[in-house]
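Undergrad: sharing a sequence plus its predicted fold:
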Amino acid sequence: MKGTIITVKMLATIFGGILGFMFGELDGLIIALVFFVSIDYISGVFCAIVEKKLSSEVGAKGIMKKMLIFALVAIANIIDVHIFKQGATIRTAVIFYYLSNEGLSILENAARLGIPIPDKLRAVLEQLNDDNDIEQIDGGDTDVTDAAG
């Protein structure tokens with residue numbers, strides 16, 4: 001039993017070290033991003049259920065998009081730490097971009113479900129989204145809600 005506890009602690013330490021290397025500090029931005037991404041996916045699934053459009057293929061695509069969001073945050077952190085060697089400017093900008101995008105997507109999903117949206121909340125998320133200078137490379141769809149998130 002003691003050996004199992006030591007093994008679990010060792011694995012948790014290794015996993016935590018890898019996450020810290022990839023994403024940087026476990027701060028409010030990362031916690032907010034995890035929350036927003038999760039709520040967006042779940043609210044997308046709710047919409048798909050209500051609209052009778054639930055699809056495992058669309059759901060899998062949504063999960064892949066969410067995973068890529070975190071991959072891009074990791075890339076931004078690596079750029080900050082290993083190329084710029086100071087601060088977290090790129091990481092912060094990338095996280096703000098996805099926070100605003102995911103937040104607006106959550107509001108869209110809520111509206112699809114008939115939930116009224118507070119004007120102040122929409123205004124804050126739209127302001128964040130407008131302040132982002134990141135453009136899509138392929139000019140494709142920015143709505144990651146689809147039927148499952």
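TA: Perfect, thanks for sending it.

Undergrad: just give the nearest non-adjacent residue to the spatially most central residue of the chain, would you?
TA: Among the residues of the chain, Val37 comes closest to the average C-alpha position under C-alpha atoms, centre = their mean, at 3.9 Å. The shortest distance from Val37 to any non-neighbouring residue, by C-beta to C-beta, 6 or more residues apart in numbering, is to Lys66 (5.0 Å). Where you see a C-beta, it was placed from the backbone N, CA and C, and this is true even at glycine.

Undergrad: pLDDT wise, what is that neighbour at?
TA: pLDDT, Lys66: 96.

Undergrad: likewise for Thr13?
TA: Confidence score, pLDDT, at Thr13: 89.

Undergrad: and what of Ile18?
TA: 84.

Undergrad: please apply the same query to Ala76.
TA: 95.

Undergrad: host element of it?
TA: With secondary structure defined by DSSP states H and E, Ala76 is part of helix 56-78.

Undergrad: with only the CA atoms kept, save that helix in CSV.
TA: The C-alpha coordinates for helix 56-78 follow below in CSV (Å, rounded to 0.1, in the frame of the first residue of the first chain):
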residue,chain,number,x,y,z
SER,A,56,-20.8,11.6,-31.8
GLU,A,57,-18.8,12.7,-34.9
VAL,A,58,-19.5,16.4,-34.2
GLY,A,59,-18.8,15.8,-30.5
ALA,A,60,-15.4,14.3,-31.2
LYS,A,61,-14.6,17.2,-33.5
GLY,A,62,-15.5,19.6,-30.7
ILE,A,63,-13.3,17.8,-28.3
MET,A,64,-10.4,17.9,-30.8
LYS,A,65,-10.9,21.7,-31.2
LYS,A,66,-10.8,22.1,-27.4
MET,A,67,-7.6,20.1,-27.2
LEU,A,68,-6.0,22.3,-29.8
ILE,A,69,-6.9,25.4,-27.8
PHE,A,70,-4.8,24.1,-25.0
ALA,A,71,-2.0,23.1,-27.5
LEU,A,72,-2.0,26.7,-28.7
VAL,A,73,-1.8,28.0,-25.2
ALA,A,74,1.2,25.6,-24.6
ILE,A,75,2.9,26.9,-27.7
ALA,A,76,2.4,30.5,-26.6
ASN,A,77,3.9,29.7,-23.2
ILE,A,78,6.9,28.0,-24.8
